[in-house]
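Peer 1: got a sequence here, can you model it:
(one chain, ligands or ions: 1)
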Amino acid sequence: MKSVASAPGKVILFGEHFVVYGISALLCSIDKRIIVTSQTTDEKMIKIESDIDHIEMSNNSLSIMNESTPKTMKPFLYIIKKTLERFKKDVGIEVKIESEIPPGIGLGSSSACCVAAAASITALFEKLSREEILKLAIEAERTIFENTSGADCSVCTFGGLMEYDIKNGFKKINSKADFVLVITNSKQTHQTSELVEKVRKFREKNDLSRLGLLMSENQAYLERIGVSTGTLDVFIKEAKKTAYGAKITGAGGGGCIIALTDKSNLNQTLANLRNCGECFTAKIDYRGLL
Ligand code: MEV
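Peer 2: Residues are numbered from 1 along each chain as shown. Have a look, this model is predicted:
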């Protein structure tokens, strides 16, 4: 039995970090995906393979996840353990993760992995609702980032543009906003959980000019709470020469910036940012988990 699921990455248009403390965030999924393929085997071995890590263990060692378990593997092992328990199965599972989203740069690769893995692995036994998959994905993400707001997993599951707050969950925004985000990668990777901890201690629509202005204002707050970096500041300055606005996306401390553009300023913004770092464009993905 084989099962394939994929989930999109994300950018946060407004409200990263503040969302952890109950403020609303506005986010959207992007057209870059994580694809997870799972299959059951008779061998009773758990095998997980991604571009960055791999692990092989007996299925009865699943309950002894500890400090020596590689961090990148914890969410997958959690999902496998919960799934085998839920469906009372004593089989082996092989999982392969393929990614179009570089890890640790604020584009939701970890959440998309949790969502796609939860969908792919549970579907080996039963097709669950998106709500159930989201719940399992958030629990899995908590094995590496205890205080996640759940925003990233929500948008990676349901896709599109959404408002999210911890108390009320997500509300989809029915807009077919026509913008292109130019994403520039500083190649400085980060640990979201560490940056959220740092902040804890510190304690639309079609009007793109206004949206851009608000993004730049949001960036000023993010700089003030210490999650931007010198490299990202340079990207932001360059992006703002032609884009409607620009800000970091995700936890900061490296990762990517996003610059808001449309047909009128996309090419110029791309050309400027290509002089600073690796750039690519992204549009909203409206499909969510597939
Ligand atoms: C990370 O993509 C977004 C943060 O707000 C953390 C979270 O919401 O869980 C920094």
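Peer 1: and stretch 63-75, which residues are buried?
Peer 2: Using 16 or more other C-beta atoms under 10 Å as the test for burial, stretch 63-75 gives Thr69, Thr72, Met73, Lys74, Pro75. C-beta coordinates here come from the backbone N, C-alpha and C atoms, glycine included.
Peer 1: can you tell me which of these is nearest the ligand?
Peer 2: Using C-beta to the nearest ligand atom, Pro75 comes nearest to the ligand of these, at 13.9 Å.
Peer 1: my guess is the closest one contacts Ile138. True?
Peer 2: No. Applying C-beta atoms under 8 Å, one finds Pro75 not in contact with Ile138, separated by 10.2 Å.
Peer 1: intersection of neighbour lists for those two?
Peer 2: Cys114 (C-beta atoms under 8 Å, 6 or more residues apart in numbering).
Peer 1: now Tyr21: how far from Lys167?
Peer 2: From Tyr21 over to Lys167 the distance is 11 Å, taken as C-beta to C-beta, to the nearest Å.
Peer 1: who has more neighbours out of the two?
Peer 2: The residue with more neighbours, out of Tyr21 and Lys167, is Tyr21; 13 against 6, by other C-beta atoms under 10 Å.
Peer 1: now do the more buried one, the pLDDT please.
Peer 2: Here, the pLDDT recorded for Tyr21 equals 88.
Peer 1: one more: Arg203?
Peer 2: 55.
Peer 1: same question for Glu238.
Peer 2: Glu238 carries a pLDDT value of 97.
Peer 1: show me the contacts for it.
Peer 2: Shown in contact with Glu238 (C-beta under 8 Å, 6+ apart): Asn272, Leu273, Asn275, Cys276.
Peer 1: again, 10 Å this time
Peer 2: Listed by C-beta atoms under 10 Å, 6 or more residues apart in numbering, the contact set of Glu238 reads Thr184, Ala246, Ile257, Ala259, Thr269, Asn272, Leu273, Arg274, Asn275, Cys276, Gly277.
Peer 1: turn the residues you listed into CSV, including secondary structure.
Peer 2: Below are the contacts of Glu238 laid out as CSV (DSSP: H, G, I helix; E, B strand; the rest coil):
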residue, secondary structure
Thr184, strand
Ala246, strand
Ile257, strand
Ala259, strand
Thr269, helix
Asn272, helix
Leu273, helix
Arg274, helix
Asn275, coil
Cys276, coil
Gly277, coil
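Peer 1: now, of the residues you listed, which are buried?
Peer 2: Buried among these (16+ other C-beta under 10 Å): Thr184, Ala246, Ile257, Ala259, Thr269, Asn272, Leu273, Cys276, Gly277.
Peer 1: and these, which is closest to Ser228?
Peer 2: Closest approach to Ser228 among the buried ones among the contacts of Glu238 (C-beta to C-beta): Ile257, at 8.8 Å.
Peer 1: distance of that closest one relative to the ligand?
Peer 2: Distance of Ile257 to the ligand, given as C-beta to the nearest ligand atom, to the nearest Å: 14 Å.
Peer 1: nearest spatial neighbour of that residue, skipping sequence neighbours?
Peer 2: Spatially, and ignoring its direct neighbours in sequence, Ile257 is nearest to Phe235 (4.6 Å; C-beta to C-beta, 6 or more residues apart in numbering).
Peer 1: confirm Ile105 sits in a helix?
Peer 2: No. Judged by three-state DSSP, Ile105 forms no part of a helix; its state is coil.
Peer 1: shouldn't it be in contact with Ile183?
Peer 2: Yes. With contact defined as C-beta atoms under 10 Å, Ile105 reaches Ile183; the gap is 8.9 Å.
Peer 1: of the two, which one has the most company?
Peer 2: In this view Ile105 and Ile183 are compared by other C-beta under 10 Å, and Ile183 has more residues nearby, 25 against 22.
Peer 1: so which strand or helix has that one?
Peer 2: Per DSSP states H and E, Ile183 falls inside strand 180-185.
Peer 1: using PDB, write down the CA coordinates of the host helix or strand of Thr281.
Peer 2: Using DSSP H and E, Thr281 sits within strand 278-282. Extracted C-alpha coordinates of strand 278-282, given in PDB (Å, rounded to 0.1, in the frame of the first residue of the first chain):
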ATOM      1  CA  GLU A 278      19.000  34.100  -4.500                       C
ATOM      2  CA  CYS A 279      15.500  35.100  -5.600                       C
ATOM      3  CA  PHE A 280      12.400  33.400  -6.800                       C
ATOM      4  CA  THR A 281       8.700  34.400  -7.300                       C
ATOM      5  CA  ALA A 282       5.700  32.900  -5.700                       C
END
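Peer 1: tell me what that strand is packed against?
Peer 2: When contacts are defined as 3 or more C-beta pairs under 10 Å, 6 or more residues apart in numbering; DSSP states H and E, strand 278-282 packs onto strand 2-14, strand 25-41, strand 180-185, strand 256-261, helix 266-274.
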